[in-house]
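pasting the sequence and the predicted coordinates here, then a few questions.
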Amino acid sequence: MMALRRRRYSVDLAGLQAICEMNYLRLQRLMPNWQERDQWQIVLQHADQPGQTLLIQIIERCRYTSTVRLHYPRRNPWLHALQMEVRLYHDANMAEVVAAYDQRRFSGVYPYPNEQMLQPDEKHQLNVFLGEWLGHCQRLGQSGQVITLDAL
């Protein structure tokens, strides 16, 4: 019998760039007047449940980039709170996840298996998840008043 050989994962750079461009557009829609404000509160309403709040906060502004923190508190003790940092590249109109779940700087490809149990395409998956999450916020979210992180 011949052993099956797995193909090594290779980065789809054009696909990742397209995802990052869409994430930039989604964030721009959720953060109106982003040049003048530092935070936004999006309340997500689900059918018969009380709304939960996503806090979007700009934590760094530079000439060509900004860094945004997304914080969505957990409702259940068995779920981790969503917390991500996303870098917006204004000259390229792209947004990329740079930190998530207490980890920073993701490689394009990871060997598998690895000690952290990261997927070979972890960076790609995080950016896809961000896009799905932002789309969900656009569909179900309502803008609320600005609050501070201390209130959470």
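Great, that's in hand. Residues are numbered from 1 along each chain as shown.

what strand or helix carries the closest residue to Val128 other than its chain neighbours?
Distances taken as C-beta to C-beta, 6 or more residues apart in numbering put Ile19 closest to Val128, at 6.0 Å, once the chain neighbours are dropped. The C-beta positions use only the backbone N, C-alpha and C, and glycine is treated the same way. Using DSSP states H and E, Ile19 sits within helix 13-30.

check which strands are paired with the helix or strand just after that helix and give the direction for each one.
Downstream of helix 13-30, the first helix or strand assigned by DSSP H and E is strand 39-46. Its sheet considered, strand 39-46 pairs with strand 49-61 (antiparallel), strand 141-144 (antiparallel) by DSSP bridges.

what pLDDT does the residue positioned nearest the centre of the chain get?
The residue lying closest to the centre of the chain (C-alpha atoms, centre = their mean) is Leu130, at 3.7 Å. For Leu130, the model assigns a pLDDT of 95.

host element of it?
helix 122-140.

coming back round to it: pLDDT of the helix holding Ile19, averaged?
Here the average pLDDT along helix 13-30 is 93.

elements contacting it?
strand 82-89, strand 94-100, helix 122-140 (3 or more C-beta pairs under 8 Å, 6 or more residues apart in numbering; DSSP states H and E).
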